[in-house]
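# coordinates only, sequence not included:
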């Protein structure tokens, strides 16, 4: 079936090789189309493509990339098993001051195996996130995000899995913080915050006692350090931070900001990424943060948006450097926010 590129859906598959107006090969027959591929079609000014009939494709497809709510029954148990597994690690560390490395691997690996090809990380985390078990869910999400981000930064699959595991364990030291402080709904006192800050030291000790000095131990100690020296516990600056600690710091901040616990009302995800961008010039490593944003922004392609003008439309294409100024289709016209500087996205509807 022949279709205009603005009508493409995640998972559509090309039935023919696709060429641009100059005869240059752009995408091969059989390519599955997601945010990056659709963006590539726009970049080459290709208006129409031939895709395999959706009815034919849907009969063969077991799970779509770009998680839709209808797939939650399939993926939710995998996510929940990881949350439950982390809870067991947390309780083990609280009772014995140690965890077993094989338990970490067996808990985290199914996430990697089942979500490795998931492209729409934005929707995935929002749909899976609940208001329950914040501490455990947060650690699972940071592990997943650290795995993705390290892959985007060029780490090998083996390295990315290790980094994901380090992110997964980054907050294990919170098992030594009392529930009254850890789950306090209101603002922490200065003394209580000083207690919370010690979770980095506790986590480092637990992991070191469990399987020696390691990447995970370093990350547990450093994930709240900041590039400008304003972090804790040792006020490290710049290159004194381990590169992987910089990765987990970005994942940690993002997960905390999208959490139901932090923002009781749904927060505009574009706002969250803008806040990360702001922090990249002071607290977070710029290259790491910009890589994260660059790979998250294309997940907004196809999402509905409201502009500050009050108009609503659909994000058609994102910009590789002007992250927050996409190409938006409003009815039958296209609005390029990199050109119309007086307009910007007010909110994204997820």
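Structure received. If you're wondering where the values come from, they're calculated on a predicted model, not measured in any experiment.

# for stretch 253-265, what is the average pLDDT?
The average of the pLDDT scores along stretch 253-265 is 69.

# again but with stretch 217-225, I slipped
Average pLDDT, stretch 217-225: 98.

# outside of it, which residues touch it?
When contacts are defined by C-beta atoms under 8 Å, 6 or more residues apart in numbering, stretch 217-225 is touched by residues 166-167, 169-173, 197, 200-201, 203-204, 206-208, 231-236, 240-242, 244-245, 248-249, 252. From N, CA and C alone the C-beta is placed, and that goes for glycine too.

# now, the residues you listed that are in helices?
166-167, 197, 200-201, 203-204, 206-208, 244-245, 248-249, 252 (DSSP state H).

# where does pLDDT dip in the protein?
The chain contains residues with pLDDT under 70 at 54-74, 117-123, 126-127, 130-132, 260-268, 350.

# can I see the domain layout of it?
Split into domains by automatic domain parsing, the chain comes to 2-60, 69-297, 301-349.

# deepest-packed of those domains, please.
Counting by mean count of other C-beta atoms under 10 Å, domain 69-297 has the highest mean neighbour count of the domains of the chain, with a mean of 18.

# chain center to that one, what's the gap?
Distance of domain 69-297 from its chain centroid, counting by C-alpha atoms, centre = their mean, to the nearest Å, is 11 Å.

# how near is the residue lying closest to residue 172 once chain neighbours are set aside to residue 141?
Leaving aside its chain neighbours, residue 172 sits nearest to residue 203 (4.8 Å; criterion: C-beta to C-beta, 6 or more residues apart in numbering). When distance is defined by C-beta to C-beta, to the nearest Å, residue 203 is 17 Å away from residue 141.

# likewise residue 175?
In terms of C-beta to C-beta, residue 175 sits 18 Å off from residue 141.

# repeat for residue 270
19 Å.

# contacting residues around residue 319?
Applying C-beta under 8 Å, 6+ apart to residue 319 gives the contacts 325-327, 338.

# please repeat the previous calculation with a cut-off of 6 Å.
325, 338 (C-beta atoms under 6 Å, 6 or more residues apart in numbering).

# element containing the residue most central in space within the chain, please.
In the chain, the residue lying closest to the centroid (C-alpha atoms, centre = their mean) is residue 145, at 4.6 Å. In this assignment (DSSP states H and E), residue 145 forms part of helix 134-152.

# how about residues contacting that helix?
So helix 134-152 is in contact with 82-83, 86-87, 108, 111, 125, 160, 163-164, 167-168, 170-171, 247-248, 251-252, 255, 261, 291-292, 295, going by C-beta under 6 Å, 6+ apart.

# if we use 7 Å, what do you get?
By C-beta atoms under 7 Å, 6 or more residues apart in numbering, the list of residues contacting helix 134-152 from outside reads 79, 82-83, 86-87, 90, 108, 111-112, 115, 121, 125, 129, 159-161, 163-168, 170-171, 174, 182, 247-248, 250-252, 254-256, 259, 261, 291-292, 295.

# biggest helix in the protein by residues?
The chain, longest helix under DSSP H: helix 72-96.

# that one versus helix 134-152: what angle between them?
Between the axes of helix 72-96 and helix 134-152, defined by axes from the mean of the first three to the mean of the last three C-alpha atoms, to 10 degrees, the angle is 110 degrees.

# what packs against helix 72-96?
helix 101-115, helix 121-128, helix 134-152 (3 or more C-beta pairs under 7 Å, 6 or more residues apart in numbering; DSSP states H and E).

# can you add distance to residue 16 and give the ones you listed back as JSON lines?
Formatted as JSON lines, those follow (distance: least, C-beta to C-beta, whole Å):
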{"stretch": "helix 101-115", "distance to residue 16": "31"}
{"stretch": "helix 121-128", "distance to residue 16": "29"}
{"stretch": "helix 134-152", "distance to residue 16": "30"}
